[in-house]
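Undergrad: Got a sequence here, can you model it:
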Amino acid sequence: MDAASAPKSAEDESGRETWLKPILLAVALILVASYALTVTEVGGQLWQEANGLLHSDSAMLVIGIGGAAVAVAGLAYLFLRNVPARPSRRAAEARLSAENIAGRKAVLETLVREIEANAKATRQLAIHVIDIDRFRIVNEVRGEGEADDFLRLLSERLLLLVNQPERLARIGDDEFLIIQPEVGGARHAEIFARRIQETIRDVCAQVPRHARPGASIGVAVAPDHGNDAAKLMHSASLALRAAKGAGGDTFRVYTRDMELAVETRLQMETAISDGLHQSWFDLHFQPQYDLRTRRLLGFEALVRMAHPDLGEVLPTVFVPVADESGLIQPLGEWIIREAFSTAAEWPSHLTLAINISLAQFRHGDIAATIIHALAKAGLAGSRLRIEVSEAVLLAQSDSINEQLRRLRSRGVTIILDDFGLHNSRLKLLSRAALDAVKLDRSLIERVGREPEAEDLVRSLIGTAQSFDLEILAEGIESAEQALFLMSNDCQKVQGFLFGRPSQKRDLAAIISKDMRNALGAEPPKAPRSASAAA
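TA: Okay, here's the model as predicted:
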């Protein structure tokens, strides 16, 4: 059905209902009257008195007309009995319009007109660019059909917020644009953004929790943030990027600082790309120990960048940019090659831990890359430990799950990183392809200072043990923290107390010291000081 014919069809159905109801009511009255005349005693007497009149011509004519009316009503009922109850006019218009919602070109033309009209009247105007967070997960987990139904329902609900349908458009696969005319500045635009957010959350609540999306919203106000459509869209896009950078499921109004943030990001993308070609990256390795035996277990590979102008750049700065820009693919492959070739030189009992991000699983076959690199380096899969974030497990993608299964089939250990940071779900631990968990450093650093944190760590250790998962803790910086972990059945640790991340050239000395300690080792004792623990 095209857009032009849709309103007409709705009116036809409304007309049918208008004349059908009185006819059906008349039929019902005739049936009730017939019952009364033929069954009740009073009706029988009336019927006998009127029986003589029924043989007149006029009476026969009335009966004929009445019979025809009943027949027509019956046929009408048979023909129209499946006509659904008419929805409210507003809801019907929303459904009809949602399937023909405006696109980017049409809404931009409307935006140009609205900006000009508001400028002439010296009024402000706002636009809201909406991006559905984690929509890919809905698509992968629930299927394209349910994903399309979700977008259709969302379109219907958003249409109810705008005064005119042309002020809402779908400008991407999971992106929408709303024009809000006659606003009273940024504060007024924020109020409307919250209404949009509440509407979207209502729709998202209908999606099962493990695949539930959210929405990021970028807001820009004309003429403060741009006096033409192109500039206003640019400002709103920057605000949207800021909302996503804040973790998503929120909104941001454009500020000048966002321009500076984009410039900084572009500089960092350039630095990552140049660094891969000019050897600005290096790997450091942090040792991991067994508290019970005091033996070295292996190392975690940590990437570092030494920029010629910026100096040392922290991974917390460049890794997220690499993830979002796609540069994590070549950077990740370089890390794998370098780390594997380094680990191949260690004694065979030492393990190597590396971090693999969701983007690496999602935008390629990282499992194939790892398996090929293991073979090339001559490194056994049982010596490799891959740390993944909760986001990897929550993705519930067939591709990601299959990659994890392939890695585990080669003996690779899969570790949930930052365990306890996001209140990890028990269902996630029960169904995920996991072998171990790594307690987050933010919890460990509170041990010895906050009894609540200690209770939480004990609970997390117990939870992991109930799922038969190995437990590792990071960020240990004091003997008190080490003693607490040992007394609570967490033996595998890493942290500054035991060793800082070291360059490749320093690893031989660390390994040699461990071997010497093993040859002359005494029965292990609990550490009583920082030096003893180290």
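
Undergrad: Mind picking out the helix or strand in this structure with the poorest mean pLDDT?
TA: Taking mean pLDDT, DSSP states H and E as the measure, the chain has helix 530-533 as its least confident helix or strand, at a mean of 40.

Undergrad: Show me which positions of stretch 220-234 end up buried.
TA: Of the residues in stretch 220-234, those scored as buried under the neighbour-count criterion (16 or more other Cβ atoms under 10 Å) are 220-223, 225-226, 229, 232-234. Using the backbone N, CA and C atoms, a C-beta is placed for each residue, glycine as well.

Undergrad: now the residue most central in space within the chain: how far from T270?
TA: Of all residues in the chain, the one closest to the mean position by Cα atoms, centre = their mean is R134, 2.6 Å from it. From R134 over to T270 the distance is 29 Å, taken as Cβ to Cβ, to the nearest Å.

Undergrad: Low-confidence stretches in this protein?
TA: Counting by pLDDT under 70, the low-confidence segments of the chain come to 1-100, 137-142, 208-211, 396, 422-427, 520-534.

Undergrad: Next, the contact list for the residue nearest to the centre of the chain, please.
TA: Listed by Cβ atoms under 8 Å, 6 or more residues apart in numbering, the contact set of R134 reads 211-214, 248.

Undergrad: now, the most widely separated pair of the residues you listed?
TA: Largest separation among those by Cβ to Cβ: A211 and G248, giving 14.9 Å.

Undergrad: These two: which is more packed in?
TA: Comparing A211 with G248 by neighbour count (other Cβ atoms under 10 Å), the higher total belongs to A211, at 21 against 15.

Undergrad: circling back to that earlier point, let's see which of the buried residues of stretch 220-234 end up in helices.
TA: Among the buried residues of stretch 220-234, the members found in helices (DSSP state H) are 229, 232-234.

Undergrad: now those as a markdown table including distance to Q329?
TA: Formatted as a markdown table, the entries for these read as follows, by distance: Cβ to Cβ, whole Å:
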| residue | distance to Q329 |
| --- | --- |
| A229 | 35 |
| L232 | 34 |
| M233 | 29 |
| H234 | 28 |
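
Undergrad: ok, P315 to A322 distance?
TA: Taking Cβ to Cβ, one finds P315 at 9 Å from A322.

Undergrad: before we move on, what about E333?
TA: From E333 over to A322 (counting by Cβ to Cβ), the distance is 12 Å.

Undergrad: More neighbours: which of those two?
TA: Comparing E333 with A322 by other Cβ under 10 Å, the one with more neighbours is A322, at 24 against 17.

Undergrad: And the more buried one, how far from A106?
TA: Between A322 and A106 the distance is 37 Å, computed by Cβ to Cβ.

Undergrad: Repeat that for S155.
TA: Note on S155: its distance to A106, by Cβ to Cβ, is 14 Å.

Undergrad: Who has more neighbours out of the two?
TA: Between S155 and A106, counting by other Cβ under 10 Å, S155 is the more crowded of the two (21 against 13).

Undergrad: Dump stretch 234-254 to CSV, restricted to CA.
TA: In CSV, the C-alpha atoms belonging to stretch 234-254 read as follows (Å, rounded to 0.1, in the frame of the first residue of the first chain):
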residue,chain,number,x,y,z
HIS,A,234,28.1,18.6,12.1
SER,A,235,27.6,20.1,15.6
ALA,A,236,25.0,17.5,16.5
SER,A,237,27.2,14.7,15.2
LEU,A,238,30.0,15.9,17.5
ALA,A,239,27.6,15.9,20.4
LEU,A,240,26.5,12.4,19.5
ARG,A,241,30.1,11.2,19.5
ALA,A,242,30.5,12.8,23.0
ALA,A,243,27.5,10.9,24.2
LYS,A,244,28.8,7.6,22.9
GLY,A,245,32.2,8.4,24.4
ALA,A,246,30.5,8.8,27.8
GLY,A,247,29.4,5.2,27.6
GLY,A,248,26.2,5.6,25.6
ASP,A,249,22.6,5.6,26.6
THR,A,250,22.7,9.4,27.3
PHE,A,251,22.6,12.7,25.5
ARG,A,252,25.0,15.6,25.1
VAL,A,253,24.5,19.2,23.9
TYR,A,254,27.2,20.6,21.6
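
Undergrad: Mind listing what's buried along that stretch?
TA: Across stretch 234-254, burial judged by 16+ other Cβ under 10 Å covers 234-244, 249-254.

Undergrad: List the contacts of stretch 231-239.
TA: Contact with stretch 231-239 is made by 108, 111, 115, 127-129, 217-220, 222, 225-226, 251-255, 258-259, 261-262, as judged by Cβ under 8 Å, 6+ apart.

Undergrad: Distance check, the closest residue in space to A242 that isn't next to it in sequence against E198.
TA: Across the structure, with Cβ to Cβ, 6 or more residues apart in numbering as the measure, the residue nearest A242 apart from its sequence neighbours is R252 (4.3 Å). R252 sits 17 Å away from E198 when distances are taken as Cβ to Cβ.

Undergrad: Likewise for V493?
TA: Applying Cβ to Cβ, the value for V493 to E198 is 45 Å.

Undergrad: Could you check which of these two is surrounded by more residues?
TA: With other Cβ under 10 Å as the criterion, V493 and E198 differ in neighbour count, and V493 comes out ahead with 26 against 10.

Undergrad: what are the ranges of the strands in the stretch 201-350 of the chain?
TA: Under the criterion DSSP state E, counting those that start in this stretch, the stretch 201-350 of the chain carries strands at the ranges 214-222, 251-253, 281-290, 295-307, 311-313.

Undergrad: tell me how far the last one is from the chain's mean position?
TA: Put plainly, it is strand 311-313. Average the C-alpha atoms of strand 311-313, do the same for its chain, and the two points are 32 Å apart (Cα atoms, centre = their mean, to the nearest Å).

Undergrad: which helices and strands sit right next to it?
TA: Counting contacts by 3 or more Cβ pairs under 8 Å, 6 or more residues apart in numbering; DSSP states H and E, strand 311-313 is packed against strand 295-307.

Undergrad: just the angle between the strand it packs on and strand 281-290, please?
TA: Interaxial angle of strand 295-307 relative to strand 281-290 (axes from the mean of the first three to the mean of the last three Cα atoms, to 10 degrees): 160 degrees.

Undergrad: Run me through the strand neighbours of strand 295-307, direction for each.
TA: Sheet pairing of strand 295-307 (DSSP bridges) gives strand 281-290 (antiparallel), strand 311-313 (antiparallel), strand 351-355 (parallel).

Undergrad: any idea how far Q267 lies from H307?
TA: For Q267 relative to H307 (Cβ to Cβ), the value is 10 Å.

Undergrad: and those two? which has more neighbours close in?
TA: Neighbours of Q267 and H307, each counted by other Cβ under 10 Å, are more numerous for H307; the result is 17 against 14.
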